[in-house]
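> Fold the following for me, if possible:
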Amino acid sequence: MSSKFTVVRLVVDGERFEILVNPKTALDHKLGRPVDSSKIIAIDEVYSDASKGLRVPVDKLKKFFNTTSTIEAAKTILIRGELQLTTEQRRELTEDKKKQIISIICKSFVDPRTGLPHPQIRVEQAMSQIHVSIDPFKNSEEQAKNVVEKLRTILPLKYEKIRLMVKIQPQFAPKALGTLKSYGEIQKEEWLPDGSLNAIVEIPAGVHSSLIDKLGSITKGTSQAMIVK
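I've put the predicted structure just below:
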């Protein structure tokens, strides 16, 4: 098997079916990006073991895929099968997923001793100590929950939300409202006669400073914000 290709594998009733695919376009397909199957499937063959070049006989294709066409069977395998990532792909995807998880933790949790979020580097170092396993395809939010439970054995973490009352001048209000919605949940939205905005937004405590900085940038330092109960 050429090192230019990787494998998509499907096991049905104990029978193994493999196709050779282009690593980049196959990964794009796996990630939900639109790619024509002709640019993914490298060779119009179905194998029981691609590394040994063992092809699946036509009668077996008919039995398991209801077709004698190798390309049609290959398309089914592409959709239902498991992509075997290259080492570099797995490393890059895992690293990206790890960064997402760290970002979620830093936004949603604070150090109960200070009320401030832990720096990302501290969370990353703590994760290396607990040897947490990251799945490059599993939901980041779900994995973050598992990571947090393990991190709590060595790092104090408290999930906390706060409510901010914000006032924005008219010329900045529409853009600022979009920012508020991206950071948290709008609980009150009041438009005043002059076009200015009064709002209450609930956000994770860890993004407080980031939101204040963002609003300051949008409103050229004219926004007003205070924590309310």
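> for the nearest residue to Arg16 once chain neighbours are set aside, phi and psi?
Closest residue to Arg16 apart from its sequence neighbours, by C-beta to C-beta, 6 or more residues apart in numbering: Ser48 at 5.6 Å. For glycine as for every other residue, the C-beta is placed from the backbone atoms N, C-alpha and C. In terms of degrees, to the nearest 10, the main-chain angles of Ser48 are phi -90, psi -30.
> how about Ser48, what does it touch?
Each residue near Ser48 by C-beta atoms under 8 Å, 6 or more residues apart in numbering is listed here: 15-18, 54-56.
> Leu177: what secondary structure?
What DSSP: H, G, I helix; E, B strand; the rest coil gives for Leu177 is helix.
> Name the residues linked to the residue nearest to it when sequence neighbours are not counted by a beta bridge.
Sequence neighbours aside, Leu197 is the residue nearest to Leu177 in space, at 6.2 Å (criterion: C-beta to C-beta, 6+ apart). Note on Leu197: beta-bridge partners by DSSP bridges are Ile168, Trp191.
> quick one on the thing from earlier: turn the buried ones among the contacts of Ser48 into a named PyMOL selection, would you?
In PyMOL, this line selects whichever of these come out buried by 16 or more other C-beta atoms under 10 Å:
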select buried, resi 17+18+56
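> In strands only, show me the contacts of Ser48.
Using DSSP state E, 15-18, 54-55 are the members of those that sit in strands.
> ranges for the strands of this structure?
6-12, 15-21, 47-49, 54-55, 82-83, 109-110, 158-159, 161-168, 185-191, 197-204, 224-228.
> Can you add mean pLDDT and distance to Lys145 and give those back as TSV?
What follows is the strands of the chain, written out as TSV (pLDDT from 0 to 100; distance: least, C-beta to C-beta, whole Å):
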stretch	mean pLDDT	distance to Lys145
strand 6-12	96	30
strand 15-21	96	33
strand 47-49	96	39
strand 54-55	96	42
strand 82-83	94	25
strand 109-110	90	11
strand 158-159	91	10
strand 161-168	94	16
strand 185-191	95	19
strand 197-204	95	14
strand 224-228	93	26
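> With distance to Lys63 as added columns, please give those strands in a markdown table.
Output for the strands of the chain, formatted as a markdown table (distance: least, C-beta to C-beta, whole Å):
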| stretch | distance to Lys63 |
| --- | --- |
| strand 6-12 | 10 |
| strand 15-21 | 9 |
| strand 47-49 | 13 |
| strand 54-55 | 15 |
| strand 82-83 | 21 |
| strand 109-110 | 53 |
| strand 158-159 | 52 |
| strand 161-168 | 56 |
| strand 185-191 | 53 |
| strand 197-204 | 53 |
| strand 224-228 | 66 |
